[in-house]
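A.B. asks: Build me a structure from this.
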Amino acid sequence: MSHPRPSPTAWHRPMVARLSDEKHRTATMLELFFDLCFVTAVAQAATAFEHELAEGRIGHGVLGYAMVFFAIWWAWMNFTWFASAYDTDDVPYRLLTLVQITGALVLAAGASQALQQEDFTVITWGYVLMRLAMVTQWLRAARSDPERRSTCLRYAIGIFVVQVGWVVRLALPEDTGLATFAVLVLAEIAVPAWAERKATTTWHPHHIVERYGLFTLIVLGESITAATGAVRAALDSHAALGDLAALVVGGILTVFALWWLYFARSASVHDRLTTLRMALLWGYGHYLVFASAAAVGAGLAVNVAHATGHGHLSDRASAAAYTVPVAVFVTVVWLLHHRAGGLRRAADALHPLAVAAVLAATFAPSPVLVTGIITALLIAATLILAARSETPGTPGTSVTHETPDAPEPSGTPGTPDS
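C.D. replies: Here you go, the predicted model:
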């Protein structure tokens, strides 16, 4: 049986499952603090990624960024889904969460070494620290939640075994690094599927959507910070503001549009976040949302460096460093907010067309500015069509009503540490 969280702060509470339909469930101050500390790791990964791109090591940079970002995203997702089901806000819970934050800071410290030098020692220990704290949380839940004890114990055992694998990986020959990484990633992903077979854990759809939205917001903010730093560095090196004007305007337009695009429909997503398919799509799809949002800032910084005569990339490669992550973000957000079941209205074709135009902007004279204009036009077009569809009798438009999927039992199937 699930229970709402008691209101007063306590030294210790039984870690019983929270209600999936709990009223007024919102993100806590601890969760917000967790996100702000975690974005430090995102910033370090994005900075190292920018450095690799600027040096012309595109393939190495992309692969390293994908690997480092997996550790950041997976650990964040673990905490988010677990907290949605079992947040007790007592002293042990807070202390273990602070241990996870410490692990995130260690991970951030090792992000540059892992991405640029393929030295995963520091980042691995930071990651393992976070995951072992998660094991302790699951053992607490197993003790207090008899209905889902087997599920909680499976999580604890599975996570612990995989962490042993990460530590052992450090002692293996370097030429096995990529293969062992892939195997351990699959093992991490397999743990929730195995654990949830016994009984599904509870989670709160409104809470999950809010948590993902808040982290997307923070990552987009980090992209702005990174881009601002790059522009300031260029100006400090006596670059002319006029030479950077197109980059600044294009970057601002793009980030504003990406924010608008993500939150345009996010408020209604929780109504459909009740099935196994939607939980999987939402949870795993945000790996690309977060990674591409952070990469937009790195790509803009690469273009600033290129415009001021620094870096080793060609014009097209520098442009692609910006247009590709923007295209990925627009595509994935569109797929998450619209069911990927085919185009049902003329307005649904806007996003694919915009993605094609953004990719084509790679070959434009001012790719960042053109990308900003395209994404701004996408927002304007969606607003116009939405307004027309709300006007009764408007020719060529119609109001469509989607029938939500039939709900399944609330749980975190397939999602990390749910």
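A.B. asks: ok, the residue nearest to the spatial centre of the chain - contacts?
C.D. replies: Geometric centre of the chain, nearest residue: F290, 3.1 Å, by CA atoms, centre = their mean. By CB atoms under 8 Å, 6 or more residues apart in numbering, F290 lies in contact with V42, F69, I72, W73, F215, T216, V219. (C-beta placed from N, C-alpha, C; glycine too.)
A.B. asks: what are the ranges of the helices in this structure?
C.D. replies: For the chain, the helices defined by DSSP state H occupy 29-54, 58-86, 91-117, 121-144, 149-169, 177-195, 205-236, 241-263, 276-307, 315-337, 350-360, 367-389.
A.B. asks: Save the ones you listed as a markdown table, and put in distance to H12 and mean pLDDT too.
C.D. replies: Converted to a markdown table, the helices of the chain look like this (distance: least, CB to CB, whole Å; pLDDT from 0 to 100):
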| stretch | distance to H12 | mean pLDDT |
| --- | --- | --- |
| helix 29-54 | 16 | 91 |
| helix 58-86 | 14 | 92 |
| helix 91-117 | 6 | 93 |
| helix 121-144 | 10 | 94 |
| helix 149-169 | 17 | 95 |
| helix 177-195 | 25 | 92 |
| helix 205-236 | 23 | 84 |
| helix 241-263 | 38 | 87 |
| helix 276-307 | 30 | 87 |
| helix 315-337 | 38 | 93 |
| helix 350-360 | 49 | 94 |
| helix 367-389 | 49 | 90 |
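A.B. asks: Show me the one of these that comes nearest R18.
C.D. replies: Judged by CB to CB, the one of those that comes nearest to R18 is helix 58-86, at 6.1 Å.
A.B. asks: and that closest one, what does it pack onto?
C.D. replies: helix 29-54, helix 91-117, helix 121-144, helix 177-195, helix 205-236, helix 276-307 (3 or more CB pairs under 8 Å, 6 or more residues apart in numbering; DSSP states H and E).
A.B. asks: just curious, which of the contacts of F290 is nearest to T180?
C.D. replies: The shortest gap between T180 and any of those belongs to F69, at 18.0 Å (CB to CB).
A.B. asks: Let me see the contact set for that closest one.
C.D. replies: Applying CB under 8 Å, 6+ apart, the residues near F69 are V42, A45, Y287, F290, A291, A294.
A.B. asks: before we move on, what about F181?
C.D. replies: Counted by CB under 8 Å, 6+ apart, F181 has contacts M67, R169.
A.B. asks: can you do 7 Å?
C.D. replies: F181 makes contact with M67, according to CB atoms under 7 Å, 6 or more residues apart in numbering.
A.B. asks: cool, S237 as well?
C.D. replies: S237 neighbours (CB under 7 Å, 6+ apart): T308.
A.B. asks: pLDDT wise, what is it at?
C.D. replies: For S237, the pLDDT comes out at 71.
A.B. asks: Same check on L19?
C.D. replies: 59.
A.B. asks: do the same with the one 3 residues further on
C.D. replies: In this prediction, E22 carries a pLDDT score of 66.
A.B. asks: Count the residues that sit near T121.
C.D. replies: By other CB atoms under 10 Å, the residues close to T121 number 11.
A.B. asks: I figured it hits R169, correct?
C.D. replies: No: the criterion here is CB atoms under 7 Å, and T121 misses it with R169 at 10.3 Å.
A.B. asks: ok, the contacts of F290 vs A354, which is closest?
C.D. replies: T216 (18.7 Å).
A.B. asks: ok, so what distance separates the residue lying closest to the closest one once chain neighbours are set aside from V333?
C.D. replies: Closest residue to T216 apart from its sequence neighbours, by CB to CB, 6 or more residues apart in numbering: Y262 at 5.6 Å. The gap separating Y262 from V333 is 5 Å, by CB to CB, to the nearest Å.
A.B. asks: Settle it for me: which of those two has more neighbours?
C.D. replies: Counted by other CB under 10 Å, Y262 and V333 do not tie: V333 has more neighbours, with 25 against 22.
A.B. asks: Confirm for me that the more buried one is in contact with W260.
C.D. replies: No: V333 lies out of contact with W260 (CB under 7 Å); the separation is 10.5 Å.
A.B. asks: what sits against D348?
C.D. replies: Neighbour list for D348: H338 [criterion: CB under 7 Å, 6+ apart].
A.B. asks: Dump the contacts of F69 into CSV; add distance to I208 as well.
C.D. replies: CSV is the format used below for the contacts of F69 (distance: CB to CB, whole Å):
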residue, distance to I208
V42, 19
A45, 24
Y287, 15
F290, 15
A291, 19
A294, 21
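A.B. asks: With respect to L153, which of those residues is nearest?
C.D. replies: Checking the contacts of F69 against L153 by CB to CB gives Y287 as the nearest, at 27.1 Å.
A.B. asks: what about that closest one, how many neighbours?
C.D. replies: Neighbours around Y287, by other CB under 10 Å: 17.
A.B. asks: so how far is F70 from it?
C.D. replies: The value you get for Y287 to F70, if CB to CB is used, is 7 Å.
A.B. asks: and if you look at F49?
C.D. replies: 13 Å.
A.B. asks: With M29 instead?
C.D. replies: To F70, M29 is 28 Å away according to CB to CB.
A.B. asks: Repeat that for A17.
C.D. replies: Going from A17 to F70 by CB to CB gives 28 Å.
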